[in-house]
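1. Here is a sequence together with a model predicted from it:
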Protein chains: 2
Amino acid sequence: MTELSPAEGVRQRNLARLLRLVHLEGPLSRAALTEATGLNRSTIADLVAELVRGGLVIERAPDPSRRVGRPSPIVAADPGVVAIAVNPEVDALTIAAVGLDRGIPVRERIEVDHLLTTDETARLIADRIGRWQDDDLAAARIVGVGLAVPGLVRAADGLVRNAPHLRWTDAPLRDLVAETTGLPTTVGNDATLGAIAEHLFGAAAGFDDVVYLNGGASGIGGGLIVHGMPLLGAGGYTGEFGQNRPGIAAATDRRADDGVLEDEVSRARLLAAVGLVAADEPALAAAVAVAGPSAVEEVDRQRRILSTALANAVNALNPGVVVLGGFLATIADVDLAGFTALVQEQTMSANAEELQIRVASLAEDRLLIGAAEAAFSELLRDPAGIAPA
Amino acid sequence: MTELSPAEGVRQRNLARLLRLVHLEGPLSRAALTEATGLNRSTIADLVAELVRGGLVIERAPDPSRRVGRPSPIVAADPGVVAIAVNPEVDALTIAAVGLDRGIPVRERIEVDHLLTTDETARLIADRIGRWQDDDLAAARIVGVGLAVPGLVRAADGLVRNAPHLRWTDAPLRDLVAETTGLPTTVGNDATLGAIAEHLFGAAAGFDDVVYLNGGASGIGGGLIVHGMPLLGAGGYTGEFGQNRPGIAAATDRRADDGVLEDEVSRARLLAAVGLVAADEPALAAAVAVAGPSAVEEVDRQRRILSTALANAVNALNPGVVVLGGFLATIADVDLAGFTALVQEQTMSANAEELQIRVASLAEDRLLIGAAEAAFSELLRDPAGIAPA
DNA sequence: CGGGTTTTGAAGCGCGGAACAACAAAGTCC
DNA sequence: GGACTTTGTTGTTCCGCGCTTCAAAACCCG
């Protein structure tokens, strides 16, 4: 019954606040930290000293000359503290080290000629970590591994319920990678992690309520930020907007039998309309920009259907911003204002008036940043518990 | 810059935990409180004493005989602490006093023959409070007023943006009632407050993620509980599922031009199908239960469309439970298992497997309890701040 | 019916942790 | 170069909770 100090104490909370601040905002002066937290100068000094001892932040000399008064030392996240971020895809495995300072010291994209099993994936990760530790990350401290998986991931235990394109079913990926690497591991849905990244550092920064939708070759995935936190739901399977059935006003707009969003609004149909068989996103966007009438009609059709699906989500969730990634960004960006108006026409006026629809901004780093953030989350929750040094 | 004690201190949090526990769980022994909070006996004694001094809880003699050992006094919410709960409707204004012990010492339904203005509403409320204070509530301490309004309410300032059936537009209801009554006032959307009530005390108790949909004569409203907290969204306009456009698989199922849910799934269509012009909910349910073939087909049609709208919400939010109220409960309850299966067919398998669909359980008290809860929320957040006695 | 056991409340003490105050240090402004 | 401003440093104070000891109030059992 004794709960001496390891309880959720005030100090733990304050250490976490400080570490999260320098992680999210970048280097800050101690004076800025006192202002941001409302804590006393002496308390900040003590807390920062503990974080420095724990090897989580570094202090450096004040920036030269800003205003009168004694200059305040700069506190920054230690770039030597890194998380390993992994994103398995059909044709490649991307793996990177992401620093607590948001730097990416190493990144590698491993092309594969067959679908990786979870075992192969775990071994590849452990192998790369091993090599990096002899080289790029020789001085680094790896706090964990985060995986962004294109599929359903059970929040409770990191079990990959179903990743159809990777052909993974009920795979205990989290435990597998944790065992193989010997590192704490988190596994999350790629779209959810993408939403987290856009929320913290991208197009959705500053919004507490975010709907994020990403369109990829394999379908449409989404993630939700609510109360400023990722929404995982009862099992961890939120944001599956691709399986939704939005209303389709004109019968002639229907292409698929059951009206599922990702069958109607799909990258494959878009590619076919512009006469391409394969293209990366910039190439597709370029083709759409110069497309002929029939392709324009297909883009408009997809915009109409997507707008209804988005309006449904906006009516239900009243987000401050909707962020679109992948080919959804491409078709929306043809005329973003027009697309926004299309969504607003189908939402309650109050929900519509302050709604923003934006294109995702973090590009290829998005999933790596989101995965790393998940790996950092335990450290950011309890800095002292991880670094007892 | 001095933040002596009014800061979000540990004590405030612990006082709030205790008060919330006895409010939500009912009377608890001090021993139960120590177990539930993990705090020390001596700390509990101190905290409870402060709450007793503040007039928020009462301590009474231990219940007779349970097991060996010294009996522990019972701590209960003080029934003399009440909130005024108000629900304006088209044909009546319901107003009640709800105790912190969840009792309802007074309730009155004031029938009206014309639409009330917000001014009339405020005066009626103040008038009833005045009378009650001379009588039923002579010994009570009224901590605030909570209003459940059928319309869009801006969370930031309690402005009623639009309550179409009451014909209220951009009415500063919160400030108006606060000024007229001299009491702290909160205003919320009726469905959101209904969701809160069902979450705390009704069919959704114990679930952290809840989708609540209510079907009334004037349309379909909804509320969301997420992370165990009500979801208000950027402006406060969440849960407007009635304005959604769900996919409608069969063209013959369509009745309305634009496919808006509450035009397709409506109480008026249901009444017409069973051959009634007006009925309360039990009467409608009875009529549906014995309905002929054409009425059954209308019920099935509405069930099909509603199921798609619900499946969309479930795919996005992965709630643990969906709670249906009003006539939506009636049409679902015809065959709840069959309706659940219908929704599950249209959701991702993982989201579906643990999903429960339930009928709302709090009946007529739901909105009053939700409104009172909103009025209590500040007290439950900072007990000492309200009762400095 | 009376002693042993169990569980709890009451009171005093100790400690973690943050605020405060006074002083020193390190800059800018004139 | 001196006045001013801002900040870090140090020692003290105070709040709040845990712990220990002791007494009280029940049950169990012979």
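-> Received, thanks.

2. Now name the helix or strand holding residue A:24.
-> helix A:10-25 (DSSP states H and E).

3. Also residue A:312?
-> helix A:293-317.

4. now the angle between helix B:293-317 and that helix, please.
-> On the basis of axes from the mean of the first three to the mean of the last three Cα atoms, to 10 degrees, helix A:293-317 is oriented at 90 degrees to helix B:293-317.

5. all strands for the stretch 151-300 of chain A, in order.
-> For the stretch 151-300 of chain A, the strands defined by DSSP state E, counting those that start in this stretch occupy A:152-154, A:159-163, A:168-171, A:185-189, A:210-216, A:219-226, A:229-230.

6. what's the closest non-adjacent residue to residue A:59?
-> residue A:73 (5.0 Å; Cβ to Cβ, 6 or more residues apart in numbering or on different chains). The way it works is simple: take the backbone N, C-alpha and C, and place the C-beta from them, glycine included.

7. measure the one you found to residue A:30 for me?
-> 6 Å (Cβ to Cβ, to the nearest Å).

8. neighbour-wise, which of those two wins?
-> residue A:30 (19 against 14; other Cβ atoms under 10 Å in any protein chain shown).

9. shouldn't the more buried one be in contact with residue A:72?
-> Yes: the pair residue A:30 and residue A:72 qualifies as a contact (Cβ atoms under 8 Å) at a distance of 4.8 Å.

10. mind listing what the residue most central in space within chain A touches?
-> In chain A, the centroid-proximal residue (Cα atoms, centre = their mean) is residue A:194; its distance is 2.5 Å. For residue A:194, the contact set (Cβ atoms under 8 Å, 6 or more residues apart in numbering or on different chains) comprises A:148, A:212, A:214, A:223, A:325, A:360, A:366-367, A:370.

11. Name the helix or strand for residue A:374, please.
-> Going by DSSP H and E, residue A:374 is part of helix A:366-381.

12. make that residue A:107, sorry
-> Per DSSP H and E, the secondary structure element for residue A:107 is strand A:106-111.

13. what's downstream of that strand, the next helix or strand?
-> Next element after strand A:106-111 (DSSP H and E): helix A:118-133.

14. What are the contacting residues of that following helix?
-> A:84, A:86, A:88, A:93, A:95, A:97, A:106, A:108, A:110, A:116, A:137, A:140, A:142, A:145, A:160, A:168, A:171, A:173, A:176-177, A:179-181, A:183.

15. in that helix, what counts as buried?
-> Buried positions in helix A:118-133, judged by neighbour count with 16 or more other Cβ atoms under 10 Å in any protein chain shown: A:118, A:121-126, A:128-129, A:132.

16. same check, this time on stretch A:12-27
-> Buried residues in stretch A:12-27 (16+ other Cβ under 10 Å): A:12, A:14-23, A:27.

17. follow-up on the earlier one: find the nearest non-adjacent residue to the residue nearest to the centre of chain A, please.
-> residue A:366 is the one closest to residue A:194 (Cβ to Cβ, 6+ apart), at 4.9 Å.

18. Which pLDDT value belongs to that neighbour?
-> On the pLDDT scale, residue A:366 is placed at 97.

19. From what I see, residue A:137 and residue A:106 are in contact.
-> Yes: with contact defined as Cβ under 8 Å, residue A:137 and residue A:106 form a contacting pair (6.7 Å).
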